[in-house]
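Enquirer: What would the 3D arrangement of this be:
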Amino acid sequence: MSSASSSKAMNFVKDYALYFVLLVLLAVIVSKDTSFLSLTNFSNILTQSSVRIIIALGVAGLIVTQGTDLSVGRQVGLAAVISATLLQAVGNANKVFPDLDVVPIPLVILLVCAIGAVLGLINGIIVTVMNVTPFIATLGTMLVIYGINSLYYDHVGSAPISGFDSAYSAFTQGFLDLGGFRLSYITIYALIAVVLVWVVWNKTRFGKNLFAIGGNPEAARVSGVNVTKNLLGIYTLSGIFYAFGGFLEAGRIGSATNNLGFMYELDAIAACVIGGVSFSGGVGTVIGVVIGVIIFTLINYGLSYIGVNPYWQYIIKGGIIVLAVAIDSLKHAKKK
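Expert: Below you'll find the model as predicted:
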């Protein structure tokens, strides 16, 4: 085999090996239970994917700039618990704040998103101003946020917060019936988020700056890009997306605890890498993130659907993450 043919074969493996592995996994799932291929399951998968898409869009912007965020899940959990405590039904016997009327949904969204923005900004300040690597910075804030959320959760009763107001449940669990296919409202919110991020990434100077920073921070700085300002902006925006995702997730599930959001960051990061967002920076597309999330959710849902032991699910998901990052590293090895 010629060197040119070998190179083409190697490039093919790098580009499609992961998708082949995922396709084999999907084939195994379907062979175990053909009822998996149903409109109901696809509707459920799309609904579950939708919140994950919103969360992944937040972390994807950080990966594009050669960053990451390990506090994703804990930020989601904090937003979920705050939303849950403010949106319980008035007649709920276990209402956390019995004297508090139901807070209007738009106000709760603004509140949790404002908190998310502050937390994201803090992450950005630690990374840019204090010059701490994103991995360590967000590892630290992950623990801090979880501690704060747990203290608040214990203070309000230390029991699953549920019994939500009907308006909140309708907002997060409602759906459109399209000839037997249930299109959830959450999926519509995710589509809006996808369009918004696509516009930011592709049609604004801010988006172009993010990719320039990810490709080469020093070159971007020399070209007049304010690296610190743009990084603070994307960390802040990411916090808003996590918070909105947490608000939706609590309503979708129907309850919230301080452990909601556990490991969400790994699923989001893995989905981004599967979708082609490179840890090398400066590479990624919005549609790639969406596809990555759907594929990862499909595998998660499918493994649970056929009754695979949860411990084996962790092993399989961990293997997929390692494979995705390894292939990403091979793709961009020559650039280094």
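
Enquirer: Helix or strand for Arg182, just tell me which one.
Expert: Element membership of Arg182 [criterion: DSSP states H and E] is strand 181-184.

Enquirer: What ranges does this protein have for its strands?
Expert: Along the chain, counting by DSSP state E, strands occupy 161-162, 175-178, 181-184, 255-256.

Enquirer: which outside residues touch the last one?
Expert: Applying Cβ atoms under 8 Å, 6 or more residues apart in numbering, the external contacts of strand 255-256 come out as Gly77, Ala80, Val81, Ser83, Ala84, Pro160, Ile161, Ser162, Ala250. In short, each C-beta sits where N, CA and C put it, glycine included.

Enquirer: taking those one by one, which sit in helices?
Expert: Cross-referencing the contacts of strand 255-256 against helices under DSSP state H gives Gly77, Ala80, Val81, Ser83, Ala84, Ala250.

Enquirer: Tell me how many other residues surround the fourth one.
Expert: The local packing count at Ser83 equals 28, with neighbours defined by other Cβ atoms under 10 Å.

Enquirer: For it, give its distance to Gly116.
Expert: The gap separating Ser83 from Gly116 is 11 Å, by Cβ to Cβ, to the nearest Å.

Enquirer: Overlap of the contact sets of those two?
Expert: Common neighbours of Ser83 and Gly116 (Cβ under 8 Å, 6+ apart) are Gly246.

Enquirer: one step back: the strand holding Arg182: how far from the chain's middle?
Expert: 21 Å (Cα atoms, centre = their mean, to the nearest Å).

Enquirer: which helices and strands sit right next to it?
Expert: helix 39-64, strand 175-178 (3 or more Cβ pairs under 8 Å, 6 or more residues apart in numbering; DSSP states H and E).

Enquirer: Return the most buried member of the ones you listed.
Expert: With neighbours taken as mean count of other Cβ atoms under 10 Å, the helices and strands packed on strand 181-184 reach their highest mean count in helix 39-64, at a mean of 24.

Enquirer: one step back: give me the contacts around the strand holding Arg182.
Expert: Leu39, Thr40, Phe42, Ser43, Leu46, Thr47, Ser50, Gln173, Gly174, Phe175, Leu176.

Enquirer: What count of nearby residues applies to Ser169?
Expert: A count of nearby residues for Ser169, using other Cβ under 10 Å, gives 16.

Enquirer: quick one: low-confidence parts of this structure?
Expert: For the chain, applying pLDDT under 70 flags the ranges 1-17, 332-336.

Enquirer: Now do the helices in it.
Expert: Remark: helices assigned in the chain by DSSP H are 3-32, 39-64, 72-86, 105-128, 134-155, 166-173, 185-203, 205-215, 217-222, 227-253, 264-274, 286-305, 310-331.

Enquirer: where does Asp267 sit relative to Ile53, distance-wise?
Expert: Counting by Cβ to Cβ, the gap from Asp267 to Ile53 is 11 Å.

Enquirer: got it, and Leu323?
Expert: Applying Cβ to Cβ, the value for Leu323 to Ile53 is 22 Å.

Enquirer: Over to Pro106?
Expert: Using Cβ to Cβ, Pro106 is found at 22 Å from Ile53.

Enquirer: so what strands line up beside the strand holding Arg182?
Expert: Strand 181-184 sits in its sheet next to strand 175-178 (antiparallel), going by DSSP bridges.

Enquirer: from memory Ile269 sits against Ile63, does it?
Expert: Yes. Between Ile269 and Ile63 there is a contact under Cβ atoms under 8 Å: 7.1 Å.

Enquirer: Turn the ones in helices among the contacts of strand 255-256 into TSV, columns for distance to Pro217.
Expert: Formatted as TSV, these follow (distance: Cβ to Cβ, whole Å):
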residue	distance to Pro217
Gly77	31
Ala80	34
Val81	36
Ser83	36
Ala84	40
Ala250	37
